[in-house]
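J.: Return atomic coordinates for the entry below.
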Amino acid sequence: MQTDPDAEAPAEQLRLVVPPDKLLQLKHGIEEERDRMATWLYENRRALSDIPPPANDPCSIDTMRLMSQNGQQAVDAVDAYINRLTTMAEKLHRTAESYGLIEDDIAGTFQRGPV
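T.: Residues are numbered from 1 along each chain as shown. Below you'll find the predicted structure:
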């Protein structure tokens with residue numbers, strides 16, 4: 001796998017050149033990373049974005065409000081990362097289908113017959 005030096009895309013949208021026989025392996029790895037991050041976010045979202053103050057004084061309250069805002073920014077960044085991984089996996093899936101590496105569910109059912 002390599003990046004395409006001739007691709008005219010911004011750095012955020014680099015085009016990967018992946019050998020067809022590696023598409024499914026890459027897709028699986030991206031899906032695993034997405035699922036790992038989604039689990040982490042599910043387990044940590046509240047702790048990051050809703051930090052209670054250690055005391056009721058104005059300084060503690062204001063500090064934890066800022067910490068919660070920073071935590072929410074982290075949550076938003078991880079959400080965006082998960083969405084990018086999902087988009088990548090979907091594109092790899094469509095590419096693998098176009099190479100005939102993945103059967104769609106209907107065609108697979110017809111070829112295998114009833115279960």
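
J.: Test my guess that Leu26 contacts Leu92.
T.: Yes. With contact defined as CB atoms under 8 Å, Leu26 counts as touching Leu92 (6.1 Å). Every residue, glycine included, has its C-beta placed from N, CA and C.

J.: And these two? Which one has more around it.
T.: Per other CB atoms under 10 Å, whichever of Leu26 and Leu92 has more neighbours is Leu92, with 24 against 18.

J.: Skipping adjacent residues, who's closest to that one in space?
T.: With CB to CB, 6 or more residues apart in numbering as the criterion, Leu92 has its nearest non-adjacent residue at 4.0 Å, and that residue is Lys27.

J.: from what I can see the one you found touches Arg94, true?
T.: No. Between Lys27 and Arg94 there is no contact under CB under 8 Å: 10.2 Å.

J.: More neighbours: these two, which one.
T.: More crowded of Lys27 and Arg94, by other CB under 10 Å: Lys27, with 21 against 10.

J.: Does the more buried one lie in a helix or a strand, and which?
T.: In this structure, Lys27 sits in helix 23-49 according to DSSP states H and E.

J.: Determine the set of other helices and strands touching that helix.
T.: Contacts defined by 3 or more CB pairs under 8 Å, 6 or more residues apart in numbering; DSSP states H and E place helix 23-49 against helix 58-98.

J.: counting contacts, what elements does the helix it packs on pack onto?
T.: helix 23-49.

J.: Any buried residues in the helix it packs on, and which?
T.: Across helix 23-49, burial judged by 16 or more other CB atoms under 10 Å covers Leu23, Leu26, Lys27, Ile30, Glu31, Arg34, Ala38, Leu41, Arg45, Leu48, Ser49.
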